[in-house]
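Colleague: Prediction below, plus the sequence it came from.
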Amino acid sequence: MKILKLVVFALAISAGSLLHAAPGNSPETSASFKKEIHDLLKNIELDIEEEVVANLVVSFNENNEMQVLYVGTTHTPAGKLIKQHLNHKKIKTVLDPSIKKYKLPIRLKP
């Protein structure tokens, strides 16, 4: 009986952490925010042979300047270039100030 309680408790903890980590409908993927990021990256000069996917995590300071916290990609030069093009850029989109970090997937095509 003790083992059964332990297994049920472990399953409850696992399910709770999975639900917490699951992406939901959030403002960080709003259309205007995506369009501004697209506009900032459309003139990026990068010689790639195949599509590069990066996961971008940014925050904003009081002047509405973007601070790139993380660019997750296996293509290191692309990650550095994305960070250079986006870091400290101002955006016009009004975002929810209660959200500290925004997550956005980026796809660069050859």
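Modeller: Thanks, I have the structure now.
Colleague: From here on, just use CA atoms for contacts and neighbour counts.
Modeller: OK.
Colleague: Select the longest strand from the chain.
Modeller: Ranked by number of residues, the top strand in the chain under DSSP state E is strand 52-60.
Colleague: Around the closest residue to residue 47 other than its chain neighbours, count how many other residues there are.
Modeller: Residue nearest to residue 47 in three dimensions, not counting chain neighbours: residue 110, with 7.2 Å by C-alpha to C-alpha, 6 or more residues apart in numbering. Counted with other C-alpha atoms under 10 Å, the neighbours of residue 110 add up to 10.
Colleague: ok, residues contacting the longest strand of the chain?
Modeller: Applying C-alpha atoms under 8 Å, 6 or more residues apart in numbering, the contact partners of strand 52-60 are 66-75, 78-79, 100-109.
Colleague: report the angle between the axes of the following helix or strand past it and strand 52-60?
Modeller: Counting by DSSP states H and E, the next helix or strand C-terminal to strand 52-60 is strand 66-72. Orientation of strand 66-72 against strand 52-60 (axes from the mean of the first three to the mean of the last three C-alpha atoms, to 10 degrees) gives an angle of 150 degrees.
Colleague: list the helices and strands strand 66-72 packs on?
Modeller: Packing partners of strand 66-72 (3 or more C-alpha pairs under 8 Å, 6 or more residues apart in numbering; DSSP states H and E): strand 52-60, helix 76-86.
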